[in-house]
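Engineer: Pasted the sequence and its predicted model underneath.
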Amino acid sequence: MGALRNGLLKSQSPALPGIGNMDSNIKEFAEETYVPTFAPSLPVPNAQEMMRSDPFQVPERYARNHDDMQSDTVQPHLSFEIPVLDLSLLSKGDAEELKRLDLACKDWGFFQVINHGVASEVLQNTKDVTAEFFDLPLEEKNRYSMPSDDIQGYGHAYVVSEEQTLDWSDALILVVYPTQYRKLQLWPNQPTGIREAIEMYSSEVRRMAVELLGSLSLIMGTEKDALLGLHKELVLGLRVNYYPPCRSPDKVLGLSPHSDSSTITILMQKDDVCGLQVRHGGAWVPLKPIPNALVVNVGDAIEIWSNGKYKSIEHRAVTNERKARISYAAFVCPHDDVEIEPLGYVPDAESSDKMYKKVRFGDYLRQSMNRKLDGKANIDFAKMETLK
Ligand SMILES: O=C(O)CCC(=O)C(=O)O
Ligand SMILES: [Fe+2]
């Protein structure tokens, strides 16, 4: 059975202590249920504690190559060119806004979304309660540590060797949808209300994702519900990134350059600290937060489905000298068993030749999670041999 290749079977969902009205959303599984695991990651020191114990040190494992860092070009004046789209117009099928979406996905692979319909209280509550989580003593947070075989829980992902340069961040990673994939033993219980906040925020993000998939289907020349249907089941993983300040921000990176393996990623970030940078024309462009807007980026799955018309753009996070930064990346993905390949009828596709072969999404995702974050290297797995 393909679905069981990378997962595990459990006969019952775990107990749900203190989860309040979330219980009603969770089915009782009398039968065996597939719950996927993703990839192992080597344990590394906690970045927040490291900073707390000695704010002036940058241990060798975190220090980036000086020449590489110096040769990076950052172009802050281009920040204002990153498109801002209105979801309420997109959802109504507004032709002009759909055209702008097409350009945004072609030229930038990144855009900010306003009028998305997620109440500002929901955004703020999620930010407040998760910030409180990261302020808890390490011992409390470690109750939700990632197990040795998976990257769900609190810890670090994508660490595959003792030699690789480490990112200046910690993360809490949880699969939220479908509900039967939840590993609730890794969902924090503290501070009060954190589970409900994650549930509420994720359900809003999922609604947004469905609307965006509708608009993307239209600009890809197909029926509005086509992309959602292709997912078989919408999988949503939430990664909350905590970037402690760094007194030498030019020596470290919060998150190494990478593209996301998802279909799309919906990202919330703190309004008052800049950190996200997007690759554009060979330079890095800071994505300046618009209060209450959410950021969306094209993931590898859309690049493959659109035969390269829409590109999953490399991005990275830099650290701030004084302020911690928290970002919330919701990765919207197809079911593991979905086979993705160029759709074939995307208008104005870059090439009429197929640039990507058919890949099972679960295999694609796991090969990308079993390596360090490394620019656009993931997508080679799906490239036609002749194009590698
Ligand atoms: O912190 C950010 O803004 C970027 C996060 C990100 O790219 C990710 O988690 O994949
Ligand atoms: Fe990312």
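Structural biologist: Thanks, I have the structure now. Ligands and ions are numbered 1, 2, ... in the order given.
Engineer: And for the residue lying closest to residue 136 once chain neighbours are set aside, the neighbour number?
Structural biologist: Computed as CB to CB, 6 or more residues apart in numbering, the closest residue to residue 136 that is not its neighbour in sequence is residue 190, at 6.1 Å. C-betas here are computed from N, CA, C, even on glycine. Close neighbours of residue 190, defined as other CB atoms under 10 Å, add up to 16.
Engineer: From residue 355, how far off is residue 308?
Structural biologist: From residue 308 over to residue 355 the distance is 5 Å, taken as CB to CB, to the nearest Å.
Engineer: do residue 133 as well
Structural biologist: Per CB to CB, residue 133 is found 42 Å from residue 355.
Engineer: Counting neighbours around each, name which of those two comes out higher.
Structural biologist: residue 133 (23 against 20).
Engineer: Now do the SS call for that one.
Structural biologist: Going by DSSP: H, G, I helix; E, B strand; the rest coil, the secondary structure assigned to residue 133 is helix.
Engineer: Next, the contact list for it, please.
Structural biologist: 141, 172, 188, 190, 191, 194 (CB atoms under 8 Å, 6 or more residues apart in numbering).
Engineer: repeat for residue 176
Structural biologist: 182, 198, 199, 202, 236, 237, 238, 330.
Engineer: how about a cut-off of 7 Å?
Structural biologist: Counting by CB atoms under 7 Å, 6 or more residues apart in numbering, residue 176 makes contact with 182, 198, 202, 236, 238.
Engineer: State the helix or strand in which it lies.
Structural biologist: Secondary structure assigned from DSSP states H and E places residue 176 in strand 170-177.
Engineer: The contacts of residue 176, buried ones only, as a PyMOL selection?
Structural biologist: A single PyMOL command selects the buried members of those (16 or more other CB atoms under 10 Å):
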select buried, resi 182+198+202+236+238
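Engineer: And residue 284, which helix or strand is it part of?
Structural biologist: Here residue 284 is assigned to strand 283-286, by DSSP H and E.
Engineer: Buried residues, that strand. List them.
Structural biologist: 284, 285, 286.
Engineer: how far does that strand sit from the chain's center?
Structural biologist: When distances are taken as CA atoms, centre = their mean, to the nearest Å, strand 283-286 is centred 19 Å away from the chain's centroid.
Engineer: avg pLDDT for that strand?
Structural biologist: Strand 283-286 comes out with an average pLDDT of 97.
Engineer: Does the strand holding residue 176 reach ligand 1?
Structural biologist: No. With CB under 6 Å from any ligand atom as the criterion, ligand 1 is not reached by strand 170-177; the gap is at least 7.5 Å.
Engineer: Report the next helix or strand after that strand in sequence order.
Structural biologist: Assigned by DSSP H and E, the successor of strand 170-177 is helix 194-219.
Engineer: Give the other helices and strands that that next one contacts.
Structural biologist: On a contact count with 3 or more CB pairs under 7 Å, 6 or more residues apart in numbering; DSSP states H and E, helix 194-219 meets helix 87-91, helix 95-107, helix 120-135, strand 170-177, helix 226-230, strand 235-243, strand 264-269, strand 325-333.
Engineer: who's in contact with the following helix or strand past the strand holding residue 284?
Structural biologist: Downstream of strand 283-286, the first helix or strand assigned by DSSP H and E is strand 294-298. Under the criterion CB under 7 Å, 6+ apart, residues 105, 109-113, 116, 212, 260, 264-269, 287, 310-313, 315 lie in contact with strand 294-298.
Engineer: now, which of those residues lie close to ligand 1?
Structural biologist: Within the contacts of strand 294-298, those near ligand 1 by CB under 6 Å from any ligand atom are 260, 267, 269, 315.
Engineer: ok, and the most crowded of those residues?
Structural biologist: Of all those, residue 260 has the most neighbours under the rule other CB under 10 Å, reaching 26 neighbours.
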